[in-house]
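Chemist: build me a model:
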Amino acid sequence: MNPRIGFVTAVASELEPQLRFAGDGEFDYVEILMDGPHSRERLTSNRGTIRQILDDHGLDLLVHLPFPTDIGSPYESVRSGAVETQSACIDAAAELGAEKAVLHPESSAWSVAWDDAELREYIDESVSKLNAYGNSRHVEICAENIFGSPYTIEHIDGLLAATDTSLTLDTGHARVTGHDPTETAAFVADHADRISHVHLNDTRRPADEHLPFGAGNLDFGPIFEAFPTDWHGTLSLEVGTQSLDYLRESRSQLERYL
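Modeler: Below is the predicted model:
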């Protein structure tokens, strides 16, 4: 494996210091979470400054599209509005020079009333539209396995079969769903050609903890070893922290694995 390494930005912290930290810490890219203070409108209004910092530090850019926007709603007006919102975010990402955009293929429909199989059809339709739109803007859409959704890691084969989207593998989400490292490694071995991006989400238990890399007990060794030696995707440290020191240590721990 020869991946590029970055991290997902924290919405609770100012963006510009995080970008400069990424450059000073010799990360390859940042993945901006487009929500709250870093929403599409705010990123667009500050586009020149953001682009200048990225260029000054030689950083590539990925984005995480906002969630949940209910692209799998069974109600057409809600679903089309969600697709329109995500398309506008893809426009903003393209204008900033982003190469990839992480997308949650999910629905907030009431599970008592709507069957997952039916919701997957709506999600497939929306992901197909967004993937095509991303291609037109030269932004690669990377759908993520989401626990508690119609498209957990156990079912996301259906999305890959129904669409041409790339995949974001979230290691913590896989664990919440019940996959141990060996099972996640088997998934990687079977789908490495579609996995373009990985969220390194460390945990101590089957929970979405987003610990600093190495602070949990998730064994990443088998997962990394399952990737082909010529895999050139992106690895994002997804750490739930406002401390840049934890990101620095996470990068150090990751380097030991790689």
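
Chemist: show me where the chain has its strands.
Modeler: 4-8, 29-33, 60-64, 100-103, 140-144, 166-170, 195-200, 234-237 (DSSP state E).

Chemist: with just CA atoms, put the first one into CSV.
Modeler: Output for strand 4-8, consisting of C-alpha atoms alone and laid out as CSV, is shown next (Å, rounded to 0.1, in the frame of the first residue of the first chain):
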residue,chain,number,x,y,z
ARG,A,4,-1.9,9.4,1.1
ILE,A,5,-2.6,10.4,4.7
GLY,A,6,-4.9,13.1,6.0
PHE,A,7,-7.5,13.8,8.7
VAL,A,8,-11.1,14.9,9.0
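
Chemist: what distance do you get for E140 to V63?
Modeler: Spatial separation of E140 from V63 under the definition Cβ to Cβ, to the nearest Å is 11 Å. Bear in mind the C-beta positions are built from the backbone N, C-alpha and C, glycine included.

Chemist: tell me how many other residues surround A117.
Modeler: Residues contacting A117 under the criterion other Cβ atoms under 10 Å number 10.

Chemist: tell me the contacts of the nearest residue to C89 once chain neighbours are set aside?
Modeler: Closest residue to C89 apart from its sequence neighbours, by Cβ to Cβ, 6 or more residues apart in numbering: R40 at 4.8 Å. Neighbouring residues of R40 by Cβ atoms under 8 Å, 6 or more residues apart in numbering: M34, P66, A88, C89, A92.

Chemist: and those residues, which is closest to P150?
Modeler: Closest to P150 out of the contacts of R40 is P66 (19.0 Å), distances taken as Cβ to Cβ.

Chemist: do you know the pLDDT at the residue nearest to the closest one when sequence neighbours are not counted?
Modeler: Counting by Cβ to Cβ, 6+ apart, D35 is the residue found nearest to P66 once chain neighbours are left out, at 4.4 Å. If you check D35, the pLDDT there is 97.

Chemist: one more: the one 5 residues further on?
Modeler: For R40, the pLDDT comes out at 98.

Chemist: just to revisit the earlier point, possible to save the strands of the chain as CSV with mean neighbour count?
Modeler: Supplementary listing: the strands of the chain in CSV, determined by neighbours: other Cβ atoms under 10 Å:
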stretch, mean neighbour count
strand 4-8, 21
strand 29-33, 24
strand 60-64, 24
strand 100-103, 27
strand 140-144, 25
strand 166-170, 26
strand 195-200, 24
strand 234-237, 24
